[in-house]
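Asks: need coordinates for the following:
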Amino acid sequence: MSTWANNIALLVAASFLSLAGAAQAETRLSFSTGVDYTSGEYGGEETTEVISVPFGARLTVDDWTFRVSASYLHVTGPADISEDAETGESAGTIVRDGSEKGIGDTTISAEWAIRRTADTDAYVELTGRVRLPTGDEERGLGTGAVDYGTMVEAGVSSDIGGAYVAAGYRFLGERDEGPDRQDGMQAGVGAWLPIGNRVRVGAFANWREASRDDRDDPANAGAYVSFRMSERLRVTLTGSGGLSDASPDYSAGIRFNWLPSALND
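Replies: Sure, this is the predicted structure:
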């Protein structure tokens with residue numbers, strides 16, 4: 001595990017808290033956690049199962065949003081899922097015999113939003129993302145390299161629903177061992193509708209170019225339902241299925257998003 005990467009992640013998280021304390025009237029700070037489960041063969045003959053507990057922080061300052069996130073992983077099965085534990089892309093190689101547990105890689109991102117474009121409900125978001133190798137590469141919990149990504153999302157968000165399309169590019173770092181990794185495109189679409197004042201339902205699909213020439217491109221599609229339990233807590237249930245051999249056969253998860261009153265009043 002990279003010590004300097006851990007220090008950077010902790011420094012960014014501390015900066016989030018400092019910014020929130022300095023300008024509470026203009027910021028919103030929230031936290032998220034939950035449990036996700038994925039299962040698939042990833043192009044092999046044996047099933048690999050992943051139980052992950054994600055945890056993250058999100059700070060919004062005017063039109064800017066900053067995020068930091070990581071996951072505690074429990075992986076059972078041979079496949080190397082370290083390429084992206086969130087979407088389940090597998091490098092297609094065997095890295096373990098049995099189970100492994102530990103922290104995965106850490107992702108830090110910054111988003112800039114242009115809202116109500118031309119006095120409409122349309123918006124545009126520009127995102128830059130860096131992935132730090134905090135997961136153990138030898139145990140298949142991390143890539144062992146620093147990755148970068150960009151994304152442009154355009155959509156419409158209103159009281160009666162919304163939809164979006166997104167496209168971007170990944171710049172992948174070199175690993176100390178294993179096959180070479182290649183940069184590639186990524187894209188996604190989605191839509192959502194409100195049901196009453198407290199419930200939202202949505203659907204999504206994602207695709208990206210594989211990190212190796214000899215592997216299928218990862219792709220998945222799914223749906224979610226989100227419940228606003230209070231002004232401070234939202235609970236979201238998500239389910240998805242893989243559309244290629246590089247993705248898990250299915251995934252399911254629950255996410256809790258909390259907006260603490262002590263930091264946002």
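Asks: all helices of the protein, in order?
Replies: Per DSSP state H, the chain has helices spanning 3-22, 261-264. These are given in chain order.
Asks: can you tell me which of the ones you listed the model trusts least?
Replies: When the helices of the chain are compared on average pLDDT, helix 3-22 comes out lowest at a mean of 51.
Asks: okay, and the beta partners of Glu100?
Replies: Val75 (DSSP bridges).
Asks: which stretches of the stretch 51-200 of the chain aren't confidently modelled?
Replies: Screening the stretch 51-200 of the chain residue by residue with the criterion pLDDT under 70, one finds the ranges 83-94, 178.
Asks: the strands in it, which residues?
Replies: All strands of the stretch 51-200 of the chain, identified by DSSP state E, counting those that start in this stretch, fall at 64-76, 99-103, 106-114, 122-132, 147-158, 161-171, 184-195, 199-208.
Asks: pull out the buried residues from the shortest one.
Replies: Right, strand 99-103. Glu100, Gly102, Ile103 (16 or more other C-beta atoms under 10 Å). All C-beta atoms are positioned from the backbone trio N, CA, C, and that covers glycine.
Asks: closest one of these to Gly242?
Replies: Gly242 has its nearest neighbour among the buried residues of strand 99-103 in Glu100, at 21.6 Å by C-beta to C-beta.
Asks: residues contacting the closest one?
Replies: Under the criterion of C-beta atoms under 8 Å, 6 or more residues apart in numbering, the neighbours of Glu100 are Leu73, His74, Val75, Asp136, Arg139, Gly140, Leu141.
Asks: hang on, isn't the second one packed against Ser99?
Replies: Yes. Using C-beta atoms under 8 Å, His74 is in contact with Ser99, at 6.7 Å.
Asks: Met229 is nearest to which of the strands of the stretch 51-200 of the chain?
Replies: Closest of the strands of the stretch 51-200 of the chain to Met229 is strand 199-208, at 10.6 Å (criterion: C-beta to C-beta).
Asks: by how many degrees do that closest one and strand 184-195 diverge?
Replies: Following axes from the mean of the first three to the mean of the last three C-alpha atoms, to 10 degrees, one obtains 170 degrees for the angle between strand 199-208 and strand 184-195.
Asks: what angle do strand 199-208 and strand 147-158 make?
Replies: Calculated by the same axes, to 10 degrees, strand 199-208 forms an angle of 140 degrees with strand 147-158.
Asks: and strand 199-208, what other elements does it pack with?
Replies: Counting contacts by 3 or more C-beta pairs under 8 Å, 6 or more residues apart in numbering; DSSP states H and E, strand 199-208 is packed against strand 184-195, strand 219-228.
Asks: run the last query once more with 10 Å
Replies: strand 161-171, strand 184-195, strand 219-228, strand 233-242 (3 or more C-beta pairs under 10 Å, 6 or more residues apart in numbering; DSSP states H and E).
Asks: between strand 161-171 and that strand, find me the angle.
Replies: For strand 199-208 against strand 161-171, the angle between stretch directions is 30 degrees (the same axes, to 10 degrees).
Asks: chain center to strand 199-208: distance?
Replies: What separates the centre of strand 199-208 from the centre of its chain is 13 Å, taken as C-alpha atoms, centre = their mean, to the nearest Å.
Asks: again, but for stretch 144-155
Replies: In this view, stretch 144-155 has its centroid 10 Å away from the chain centroid, taken as C-alpha atoms, centre = their mean.
Asks: flag every buried residue along it.
Replies: Buried residues in stretch 144-155, counting neighbours by 16+ other C-beta under 10 Å, are found at Gly144, Ala145, Val146, Asp147, Gly149, Met151, Glu153, Gly155.
Asks: the second one - nearest residue in space that isn't next to it in sequence?
Replies: So that's Ala145. Nearest non-adjacent residue to Ala145, counting by C-beta to C-beta, 6 or more residues apart in numbering: Gly173, 3.2 Å away.
Asks: repeat for the fifth one
Replies: With sequence-adjacent residues excluded and distances taken as C-beta to C-beta, 6+ apart, Gly149 is closest to Arg129, at 4.3 Å.
Asks: quick one: the one you found and Met151 touch, right?
Replies: Yes. At 7.2 Å, Arg129 counts as touching Met151 under the criterion of C-beta atoms under 10 Å.
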